[in-house]
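Q: Task: produce atomic coordinates for the following.
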Amino acid sequence: MASIKEIAKLANVSQGTASIVLNGKGKQYRISEVTQQKIYEAARKLNYQPNISARRLRSGGEIVLPIIALFWALDTRTMLISRFLKGMQEKLQTIEGDYELLIQPYVGTKLSEVRSLVTGTRFNGAIIANATEEDEAFLEEAQLNVPIVLYQRGSDKYCSVNVDSYYTGETVARLFASNGHLTVGTIVPNVSSKAIKLRKEGFLSEALKQGLTANEEHIIYSDFSEQGGYEAIKRLYQQDQELPSALFVISDQMAVGALAALNELGKNVPGDIEVVGYDDDEVTRFTIPSLTTVHLPVEEMAAECVRLLMDLMHHKQIEPTSSMLDTHIVIRQSCGNGRTS
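A: Residues are numbered from 1 along each chain as shown. All right, here's what the predicted structure looks like:
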């Protein structure tokens, strides 16, 4: 294993400077970006792997446990983190040995600014969730010093855990077709996400195959929140045109707001319009009417992320691999109870 002395020699800097940069404190000590990049490049060439546990010796000689970092974007998807943590905890309980968990929030599109991810000095492995397309581009170019698993994102470079988002969209379109609808629409979170794009594309493509009409004005982009779903319905019903009789809302949070707006407008769900959400947030069992939704197996996906990361951290897994889990529609009152147009 390469030492800081070897890295300093290759980068032509002092050991002290190399140590500061590799500990993520280069900016704090005003070390130039050029010098920092030289040190990181030297570390990558020498396959440097920091001994985090040794650095974190407590008084009395107790060694702190290996650390798993969970990178989670700071947006409305933080509501799903409790389900993800539950899945991680249940999996970790089945694994020999103990681990510490570090939750690292980050701003979508700015993952590259989290220096600890580049330096690899704060944790032994990381799960990265909800990366935007900009974040994914950064990850594909970056040379990281710790094992990484991506949640809900695909990659040829890193291990990943996914569901088939395109197929998910197709299943919702087929449900609407089987219920006798002719005109459908969708409310789409206005975020940079390949998974969301694939759900939308799968839905619209299959709707066309099933002979359903999905007019462009019935595809509404809005803020990824309850308020966003509420405002999307208001915009939809302000248009003087034939309205869809079925709506795929690609977020349960947005669907909650959409149901509120439909109720305010005096629209009967599912009598006037059927609604399907996405995520299977348990809260939506208690909306009025209860929301039909696509179940995203968050807990199972979290467990699979942990399994892959453990294999990487213990060198049992070398080549990138992708695990694909299944989704299914949970039929509740808002759609799927035999309504026909």
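Q: Report the central residue of this protein.
A: Centroid-nearest residue in the chain, with CA atoms, centre = their mean: residue 130, separated by 2.4 Å.
Q: mind listing what the residue lying closest to that residue once chain neighbours are set aside touches?
A: Among residues not flanking residue 130 along the chain, residue 73 sits closest, at 4.0 Å (CB to CB, 6 or more residues apart in numbering). C-beta: built from backbone N, CA, C; applies to glycine. Neighbouring residues of residue 73 by CB atoms under 8 Å, 6 or more residues apart in numbering: 105, 106, 107, 108, 129, 130, 131, 132.
Q: same deal with residue 333?
A: Going by CB under 8 Å, 6+ apart, residue 333 touches 269, 270, 289, 290, 291, 292.
Q: Apply 6 Å and report the result again.
A: For residue 333, the contact set (CB atoms under 6 Å, 6 or more residues apart in numbering) comprises 289, 290.
Q: How about the secondary structure of it?
A: Here residue 333 is coil, with the state taken from DSSP: H, G, I helix; E, B strand; the rest coil.
Q: Tell me the pLDDT of the residue nearest to residue 130.
A: Model confidence at residue 73, given as pLDDT, is 87.
Q: Relative to residue 155, how far out is it?
A: Going from residue 73 to residue 155 by CB to CB, to the nearest Å gives 17 Å.
Q: And residue 142, by the same measure?
A: According to CB to CB, residue 142 and residue 155 sit 12 Å apart.
Q: can you pull out the strands in the stretch 1-150 of the chain?
A: With strands called from DSSP state E, counting those that start in this stretch, the stretch 1-150 of the chain shows them at 67-73, 100-106, 125-129, 148-151.
Q: mind putting these in TSV, distance to residue 334 included?
A: As requested, those are exported to TSV (distance: least, CB to CB, whole Å):
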stretch	distance to residue 334
strand 67-73	28
strand 100-106	32
strand 125-129	28
strand 148-151	28
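Q: Go through those and name the closest to residue 283.
A: Across the strands of the stretch 1-150 of the chain, residue 283 has its closest neighbour in strand 67-73 (19.0 Å, CB to CB).
Q: buried set for the helix or strand residue 187 falls within?
A: Using DSSP states H and E, residue 187 maps to strand 184-189. Of all the residues in strand 184-189, those buried under the rule 16 or more other CB atoms under 10 Å are 184, 185, 186, 187, 188, 189.
Q: Surely the first one is in contact with residue 244?
A: Spelled out, that is residue 184. Yes: counting by CB atoms under 6 Å, residue 244 is a contact partner of residue 184 at 5.0 Å.
Q: Pretty sure residue 257 sits in a helix.
A: Yes: the assignment for residue 257, made by three-state DSSP, places it in a helix.
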